[in-house]
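I need the structure of the sequence given here:
(one chain, ligands or ions: 2)
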Amino acid sequence: MLTSTLSAITPLDAAFLASIQARLDNKTKPLGSLGRLEEFACRICAIHGSDTPDLAKKVIFTFAADHGITEEGVSLYPREVTAQMVLNFLRGGAGVNVLARHAGAEVRVVDVGVDHDFGDCPGLIHAKVARGTRNFARGPAMTRDELAAALVVGIRLADQCKAEGIGLVGTGEMGIGNTSPSSAIIAAIGGFTPEQVTHRGTGIGDEALRVKITAIGNGLELNRPDPADPLEVLQKVGGLEIAAIAGLVLGCAANRIPVIADGFISTAGALIASELTPHVKEYLFAAHESVEVGHRFMLERIGIRPILNLDLRLGEGTGGALAMPLLEAGVKILAEMATFEQAGVTGH
Ligand SMILES: Cc1cc2ncn([C@H]3O[C@H](COP(=O)(O)O)[C@@H](O)[C@H]3O)c2cc1C
Ligand SMILES: O=C(O)c1cccnc1
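Numbers count the residues shown, from 1 in each chain. Ligands and ions are numbered 1, 2, ... in the order given. The predicted model follows:
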């Protein structure tokens, strides 16, 4: 499944991109003056293969999972908060719910690895692979089979989006402790020390930060993931929700759906996807630059520029929700703005 998904990810059509830019250049404005909105319009049209892309249906996927590394004391909050927040998402009371409503997007909550039995739980997408990862400071976070299962969760959800005519997707996550695997992933892939890419997550103090850096360092030393093998990195020091996000990003690119990565943890998933095939980044938007210090290195490694910089450090998909209206604004410029000829305005 992964092989067929990867082979379906092809570069965007350069001639089509240029034709959209040429139309933007005829709008009543100095050349290039709508800056990155023009890039959004070009890329979204090229991804959809249409100059009238339909972005009416927008979905944010919030993948939830627990992390064995929490045993080391790397987060300010207890791991039960992951399951408690899942119920909060389903009731519509979390940050991502508010901002998704603001953007006109739907939030879909996916249990890919929470250490809790939710029972029936209407509204929840049940895709539990395991009740959390193992502590990567003591051994591999997951098995090869668990990794494959979590990737497939994301790929299948992207396929379903295509069938439903969803025009824009955002990634999100909830998992106490998940800034630690995210730091480990960028450290392993980018060749950084844990000190360079580890930060305060939910807001830990100096002492806990030292503990977190040590735990991540121990995990990298023990597991020794091959930096050239992104799936091995993900399996050994990653997370189930991060794997599902990697699968979702790959699946969106394969199905030609634009996908927005949220903050530090979501971008760790997007980074894995991008390391697997470089064309992923053509389908990918970075919602914002997080307060987490390692985020910049992930964005640089993928080669994408963040849209917003609002000092966010929440995750859940909140940044993606905020960026969605800007992507739509870019497309509206193309659809609704008058050309020099239509408006009788003199060009240069
Ligand atoms: C109430 C609450 C809601 C959240 N929503 C997202 N996160 C964020 O914080 C966690 C990562 O930080 P760390 O690695 O320090 O645990 C993740 O769950 C992330 O989504 C939350 C955290 C809390 C406490
Ligand atoms: O950048 C993020 O998304 C983030 C940062 C800290 C904690 N949770 C999420």
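
hey, let's count contacts and neighbours off CA atoms from now on
OK.

in the stretch 101-250 of the chain, which spans are strands?
Ranges of strands within the stretch 101-250 of the chain are 106-113, 125-126, 168-174, based on DSSP state E, counting those that start in this stretch.

so, low pLDDT: which residues of the stretch 201-348 of the chain?
The model of the stretch 201-348 of the chain has no residue with pLDDT under 70.

tell me where it has helices.
When secondary structure is read from DSSP state H, counting those that start in this stretch, the stretch 201-348 of the chain shows helices at 206-223, 230-237, 240-254, 264-276, 295-302, 318-336, 340-343.

pick the most buried one from the strands of the stretch 101-250 of the chain.
strand 168-174 (a mean of 30; mean count of other Cα atoms under 10 Å).

any chance of the helices of the stretch 201-348 of the chain in a markdown table, with mean neighbour count too?
Below are the helices of the stretch 201-348 of the chain laid out as a markdown table (neighbours: other Cα atoms under 10 Å):
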| stretch | mean neighbour count |
| --- | --- |
| helix 206-223 | 19 |
| helix 230-237 | 25 |
| helix 240-254 | 32 |
| helix 264-276 | 28 |
| helix 295-302 | 19 |
| helix 318-336 | 22 |
| helix 340-343 | 12 |
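
roughly how far apart are Met66 and Thr267?
Not quite, residue 66 is Asp, not Met. 18 Å (Cα to Cα, to the nearest Å).

ugh, wrong one, Leu90
Separation of Leu90 from Thr267 (Cα to Cα): 24 Å.

give me the element Phe61 is part of.
Assessed by DSSP states H and E, Phe61 sits inside strand 58-65.

do the same with Leu24
helix 14-25.

what angle sits between the very next helix or strand once past that helix and helix 240-254?
Remark: after helix 14-25, the chain's next helix or strand is helix 35-48, criterion DSSP H and E. Angle, helix 35-48 to helix 240-254, by axes from the mean of the first three to the mean of the last three Cα atoms, to 10 degrees: 80 degrees.

check which residues of helix 35-48 are buried.
37-48 (16 or more other Cα atoms under 10 Å).

which bits of the stretch 151-300 of the chain sit near ligand 1?
Residues of the stretch 151-300 of the chain lying close to ligand 1 by Cα under 6 Å from any ligand atom are 173-180, 201-202.

ligand 2: which of those is nearest?
Nearest to ligand 2 among those is Gly201, at 3.9 Å by Cα to the nearest ligand atom.

tally up the residues packed near the closest residue to the closest one other than its chain neighbours, please.
Spatially, and ignoring its direct neighbours in sequence, Gly201 is nearest to Thr179 (5.9 Å; Cα to Cα, 6 or more residues apart in numbering). Burial of Thr179 is recorded as 27 neighbouring residues (other Cα atoms under 10 Å).

surely Thr179 and Ser266 touch.
No - Thr179 lies out of contact with Ser266 (Cα atoms under 8 Å); the separation is 9.9 Å.

okay if I get the strands of the stretch 101-250 of the chain as TSV plus distance to Leu314?
Output for the strands of the stretch 101-250 of the chain, formatted as TSV (distance: least, Cα to Cα, whole Å):
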stretch	distance to Leu314
strand 106-113	16
strand 125-126	22
strand 168-174	9
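
can I get the ones you listed in TSV including mean pLDDT?
Listed next are the strands of the stretch 101-250 of the chain as TSV, based on pLDDT from 0 to 100:
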stretch	mean pLDDT
strand 106-113	99
strand 125-126	98
strand 168-174	99
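
is it possible to get a markdown table of these that adds distance to ligand 2?
Formatted as a markdown table, those follow (distance: least, Cα to the nearest ligand atom, whole Å):
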| stretch | distance to ligand 2 |
| --- | --- |
| strand 106-113 | 16 |
| strand 125-126 | 21 |
| strand 168-174 | 8 |
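
of all those, which one is nearest Glu292?
Ranking those by proximity to Glu292 (Cα to Cα) places strand 168-174 first, at 15.2 Å.

partners of that closest one, with directions?
strand 58-65 (parallel), strand 259-261 (parallel) (DSSP bridges).
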